[in-house]
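# would you be able to build a 3D model of this:
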Amino acid sequence: MSSPVFVFVGAKGGVGTTTVAYEVAKILRSTGNVALIDGDLSGRRGLALLAGGIRDLDATRAASAIATARVDGMTLTELAERYDAGFTINRDMVEKLAASMSGFNEVLVDAPQPFAAAVRPFVVRATRFFVVLEPTLLGIAGAKSMLANLQRFGIPNSRVDLMTNQRSAAEAVSRSEIEGVLGARLVATVPLIGDRVYAKSLAGLARYIESIPPESDLEGLQPSSKAPIGDRRGEARRSFTVTPGGAVGHGARSSALDAQYDSVKLEIHATLLRELDLVGMGMSQSDAEKLADLRTRIEEVTSQYIVRNNVAGGAEDIARLRQEIINEALGLGPLEDLMHDPSVTEIMVNGPENVYVEQQGKIALTTKRFSNERQLRVVIERIIAPIGRRIDEASPMVDARLPDGSRVNAIIEPLALDGATLTIRRFGVRRLQSDDLVTLGAVTPPVMDFLRAAVEARLNCIISGGTGSGKTTFLNILSSFLPDRERIITIEDAAELALNQAHVVRLESRPPSIEGTGEVRIRDLLRNSLRMRPDRIIIGECRGAEALDMLQAMNTGHDGSLTTIHANSPRDAMSRIETMVLMAGYDLPVRAIREQIASAMNLVVHTARLRDGSRKVTSISEVVGMEGDVVTMQELVKFTQRGVDKENKVIGEFQYTGVQPSCLKRFQEYGITYDSRNLATLAPTGTGW
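Numbers count the residues shown, from 1 in each chain. As a prediction, this is how the structure comes out:
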């Protein structure tokens, strides 16, 4: 790599390394092209916060695991936006990034302490290391340990410089004492923020960096005469204070600072609510100019308050506070970070204090929380307002959706005894395809090929399963097999399906108004859809009396329909449909209902969430008719679990029962390309142990 690389690393956590690297990069950008690398894998996102580049970085992350964006006049690269994402970043990925970093005047790296393996491609290429320490005895001890670590990496002292960053007004250790104990040069001393020579000391460090040749032994190189060393003389005027010990955890602050910031945010939000309409804006992006003006106004109010009240905190803390206020005013507040995390599939808010997430099928408590019940209610109102829904004591439950298609349910007092409860079922930025399910092990190619043929042959299919078993996701994938030439009508309580076909009509039910009028049910939409000349009807979820209308439609020429239903097994799905038909209020004989079911239904695809959190298609059953008063079914494919491995991952296999599907004749009639021997490639039932 031809560009010189300068690695900034803290002698210990919380010494302000990120702030120093950012401030120096801002100075260097005025004289050349600068790249700034956030190598911290803890997910604190310090550089993104300081540069105001979170959105720009997140926008590029979909195309690459490592995000790079042009932000604040420099090229900013972030290796990991959260802690667990750091585990997906390997050395080869960073090696490729490091090799591509050419054409920059300087490349500055904010490195973690200790060095992670993923950051080592920059470590071995570094022109110079800057070890940042506090001018205290504890700071010297940390720096001594860091220098020993660098030597273990084979980095000579000739490539290491020291710099102090004063974080408190306590009496500091002298420069000669630091250099004498550590045996390295102290090239810069940065005083407290607000000191009259603070900016001067950083500017001197920037000039020193510019004076270092890209390729040099650097042994004995002294600071340039153009790079004056900052000093701590003069009265230290503190604009900000830092809680002793620095940041706590991965991007967290001390509890005392958090408590203070909660109070600050409450006061700022009270001002914003008096002056601005924060409920109606934020979730709807229809008026971009108004949203931009609102964001500008929020930033102005926040900045004025921070300056007027001399709010405590370092530069990173203040930047994070600003971002949190904007998120809470225009977005989902504490949930914003979770909504940008692709590994989070469900967000569950049990009152303002408890926020849970589901990741990889496992539920865990997060450190996120709302300031109070009111803030949580404002977020709920912001979600439902753009789509015309309401929630109050008269109507304390609501189903809604977010612009990205995520499903939302909220319930408040008096039904929710411990405070408002919000549940968000998230869908990924990129919709899963059939190949993705095969890769994840949720289904096998022979099974998916059979289902593809079934959809193309216009079989009526039901996807059954429990809550969170992946029914809607699988319905969306089966819908991708629908021919583009057909007219498709989707009917849902809260629109979630995202079909790629050109001719799609999307219908969504409507709850009653505050006067109790204007309700439009799934059943009403289904009846209306029959007058809209549909080729296919897709019902997001069948859960009530609409089951009767669905059966009628399937039995009157509208075949090829798809829907989902909550059930424990394919056989239970039949019983559930029977029960829902009875909910329509007609006194129909049970046998008549079952005959309708046997005539209308063709396939039942059952999905389940297994004990390790994985989701799989566990059974495919075919409805073949009636025997007496019983709807007869034959299972074609099933997933047999054999146990769990050392990592508690489910071990099992998809098996073919050996029964020849009666729908193969239908495939031939419709001219569907399908090899009937595909299912036979699965293991036969009864094999194994």
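# from here on, just use CA atoms for contacts and neighbour counts.
Noted.
# give the lowest-confidence helix or strand of the chain, using mean pLDDT as the measure.
Among the helices and strands of the chain, helix 255-275 carries the lowest confidence by mean pLDDT, DSSP states H and E, at a mean of 68.
# helix, strand or coil: sort out Gln634 for me.
With DSSP: H, G, I helix; E, B strand; the rest coil as the basis, Gln634 sits in strand.
# bridged to it, which residues?
Gln634 forms beta bridges with Glu622, as assigned by DSSP bridges.
# relative to Lys665, how far out is it?
Per C-alpha to C-alpha, to the nearest Å, Gln634 is found 16 Å from Lys665.
# for the one helix or strand Ile306 maps to, packing partners?
Following DSSP states H and E, one finds Ile306 within helix 288-309. If you count contacts as 3 or more C-alpha pairs under 8 Å, 6 or more residues apart in numbering; DSSP states H and E, helix 288-309 packs onto helix 255-275, helix 315-330.
# adding distance to Pro483 and mean neighbour count, write those helices out as CSV.
Listed next are the helices and strands packed on helix 288-309 as CSV, based on distance: least, C-alpha to C-alpha, whole Å; neighbours: other C-alpha atoms under 10 Å:
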stretch, distance to Pro483, mean neighbour count
helix 255-275, 50, 15
helix 315-330, 40, 21
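# got CSV for those helices, with distance to Ser168 too?
Converted to CSV, the helices and strands packed on helix 288-309 look like this (distance: least, C-alpha to C-alpha, whole Å):
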stretch, distance to Ser168
helix 255-275, 16
helix 315-330, 14
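# which strand residues bridge the nearest residue to Val344 once chain neighbours are set aside?
In this structure, Val344 finds its nearest non-sequential neighbour in Gln359, 4.9 Å apart by C-alpha to C-alpha, 6 or more residues apart in numbering. Note on Gln359: beta-bridge partners by DSSP bridges are Val344, Lys362.
# Gln359 reaches Glu346, doesn't it?
Yes - Gln359 is within contact range of Glu346, at 7.5 Å (criterion: C-alpha atoms under 8 Å).
# compare the two (neighbour count), which wins?
Glu346 (24 against 16; other C-alpha atoms under 10 Å).
# tell me which element that one falls in.
Using DSSP H and E, Glu346 falls within strand 344-350.
# what's that strand packed up against?
Packed next to strand 344-350, using 3+ C-alpha pairs under 8 Å, 6+ apart, are strand 354-359, strand 421-425.
# among the ones you listed, which is the most enclosed?
Most buried of the helices and strands packed on strand 344-350, by mean neighbour count (mean count of other C-alpha atoms under 10 Å): strand 421-425, with a mean of 21.
# following the chain past that one, name the next helix or strand.
The helix or strand immediately downstream of strand 421-425 is helix 434-440, counting by DSSP H and E.
# and the helix or strand following that following helix, what other elements does it pack with?
Under the assignment DSSP H and E, the closest C-terminal helix or strand after helix 434-440 is helix 445-456. Counting by 3+ C-alpha pairs under 8 Å, 6+ apart, the packing neighbours recorded for helix 445-456 are helix 471-479.
# for the helix it packs on, name the packing helices and strands.
helix 445-456, strand 461-465, strand 562-566.
# and whichever helix or strand comes after that helix, which strands flank it?
Later in the chain than helix 471-479, the nearest helix or strand by DSSP H and E is strand 488-492. If you go by DSSP bridges, strand 488-492 pairs up with strand 504-508 (parallel), strand 536-539 (parallel).
# can you lay out those as a markdown table showing mean pLDDT and distance to Ala148?
Listed next are the strands paired with strand 488-492 as a markdown table, based on pLDDT from 0 to 100; distance: least, C-alpha to C-alpha, whole Å:
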| stretch | mean pLDDT | distance to Ala148 |
| --- | --- | --- |
| strand 504-508 | 92 | 64 |
| strand 536-539 | 92 | 65 |
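# deepest-packed of these, please.
strand 536-539 (a mean of 24).
# show me what the helix or strand just after it is packed up against.
The C-terminal neighbour of strand 536-539 among helices and strands, as given by DSSP H and E, is helix 546-554. Packing contacts for helix 546-554, counted by 3+ C-alpha pairs under 8 Å, 6+ apart, involve helix 522-529, helix 570-582, helix 590-600.
# and for the second one, what's in contact with it?
With C-alpha atoms under 8 Å, 6 or more residues apart in numbering as the test, helix 570-582 has contacts from 464, 543-548, 565-567, 588, 590, 593-594, 597, 604-606, 619, 621, 631, 633.
# could you redo the last one with a cut-off of 7 Å?
With C-alpha atoms under 7 Å, 6 or more residues apart in numbering as the test, helix 570-582 has contacts from 464, 543-545, 547-548, 565, 567, 593-594, 604, 606, 621.
# need these in CSV (columns: pLDDT and distance to Arg510).
Shown next, in CSV, are the contacts of helix 570-582 (pLDDT from 0 to 100; distance: C-alpha to C-alpha, whole Å):
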residue, pLDDT, distance to Arg510
Ser464, 95, 25
Arg543, 87, 15
Gly544, 87, 15
Ala545, 88, 16
Ala547, 90, 18
Leu548, 89, 20
Ile565, 94, 20
Ala567, 94, 25
Ile593, 92, 28
Arg594, 93, 31
Val604, 96, 29
His606, 96, 29
Ser621, 95, 34
